[in-house]
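Engineer: mind folding the following:
(one chain, ligands or ions: 2)
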Amino acid sequence: MADSDDDDYKPSVQLKIVVVGDGSSGKTSLTCRYAQDLFGKDYRQTIGVDFFMKKIVLPGNTEVTLQVWDIGGQTLGGSMLDKYLYNADGVVLVYDITNFSSFENLEDWLTSAKKMIDPSKNPHFALVGNKMDLEHLRTVKADRHEKLCQEKNLSSHFTSAKTGDSVNAMFMKVAAAILKITLRQNDIDQQKGVIKAEIGNAASRSSAGQGATPSRPSNSQLSNTNANQVQTKACTLL
Ligand SMILES: Nc1nc2c(ncn2[C@@H]2O[C@H](COP(=O)(O)OP(=O)(O)O)[C@@H](O)[C@H]2O)c(=O)[nH]1
Ligand SMILES: [Mg+2]
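Structural biologist: Numbers count the residues shown, from 1 in each chain. Ligands and ions are numbered 1, 2, ... in the order given. Sure, this is the predicted structure:
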């Protein structure tokens, strides 16, 4: 159903999605899992891989290029955080369901992100409880998660980067929510829209060096992307 003639495609839409949250919540694992279907059990804090691009097709033959940014080692007070969040269409707030403080800290991540993103962008915020394969060690109850979603108007997701459970679905739902496209269960189950993934870093896109704002599309609905200029890198699983 997702496969159809190229002639039917509408102009491509590009969305910037930024994955934030405490260290060790699984941001890099989620982005690598989504980008390359990789999961590394034992790697150090993210170095060098800032974002990747992946094309998916949403209902209505809407081709979407997702630019997914991993904030790497940036902390809440991190000096580059605003650069990562610049012009984001969606923010994925990740916590580890076995680590209560990673959940508690998300309110601060949310507050900071809201301050850093132009309100006129009206970005979508998603709450992701990761490490669902460790449900037996869960310390954040589902009702706490749902309560925060309601209070802060976040979409609700649970994933396991380790098993891959619901990772594709989460990113697909976030893209659909940003574009206000309704997904049916069938669309989520099929996941046939993946065309390709590329990985790059901010430095390769920034002409003015450190501190410069990575060049970004001025709005979320562009037909032309810099995807081809993205430096290809493997997910850094050290
Ligand atoms: N069991 C389990 N471990 C995970 C999962 N996601 C990440 N991890 C582990 O948690 C640790 C931190 O993951 P990482 O992706 O580096 O977190 P980040 O600091 O937020 O980027 C690593 O040891 C990962 O292998 C998951 O879904 N399940
Ligand atoms: Mg990381």
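Engineer: any weak-confidence spans in the protein?
Structural biologist: 1-11, 37-50, 191-238 (pLDDT under 70).
Engineer: ok, now with 80
Structural biologist: Residue ranges of the chain with pLDDT under 80: 1-12, 36-50, 189-238.
Engineer: my guess is Gly26 meets Val94, correct?
Structural biologist: Yes: Gly26 lies in contact with Val94 (Cβ atoms under 8 Å); the separation is 6.0 Å. From N, CA and C alone the C-beta is placed, and that goes for glycine too.
Engineer: between the two, what contacts are shared?
Structural biologist: With contacts defined as Cβ atoms under 8 Å, 6 or more residues apart in numbering, the residues shared by Gly26 and Val94 are Asn130.
Engineer: surely Phe103 touches Val140?
Structural biologist: Yes: with contacts counted by Cβ under 8 Å, Phe103 reaches Val140, the gap being 4.5 Å.
Engineer: those two - which one has more neighbours?
Structural biologist: It is Phe103, of Phe103 and Val140, that has more neighbours when counted by other Cβ atoms under 10 Å, with 24 against 19.
Engineer: what sits in contact with each of Phe103 and Val140?
Structural biologist: By Cβ under 8 Å, 6+ apart, Phe103 and Val140 have these common neighbours: Tyr95, Ile97, Gly129.
Engineer: so which of the residues you listed comes closest to Val57?
Structural biologist: Nearest to Val57 among the shared contacts of Phe103 and Val140 is Gly129, at 27.1 Å by Cβ to Cβ.
Engineer: in the strand or helix carrying the closest one, which residues are buried?
Structural biologist: According to DSSP states H and E, Gly129 maps onto strand 124-130. Going by neighbour count (16 or more other Cβ atoms under 10 Å), the buried part of strand 124-130 is His124, Phe125, Ala126, Leu127, Val128, Gly129, Asn130.
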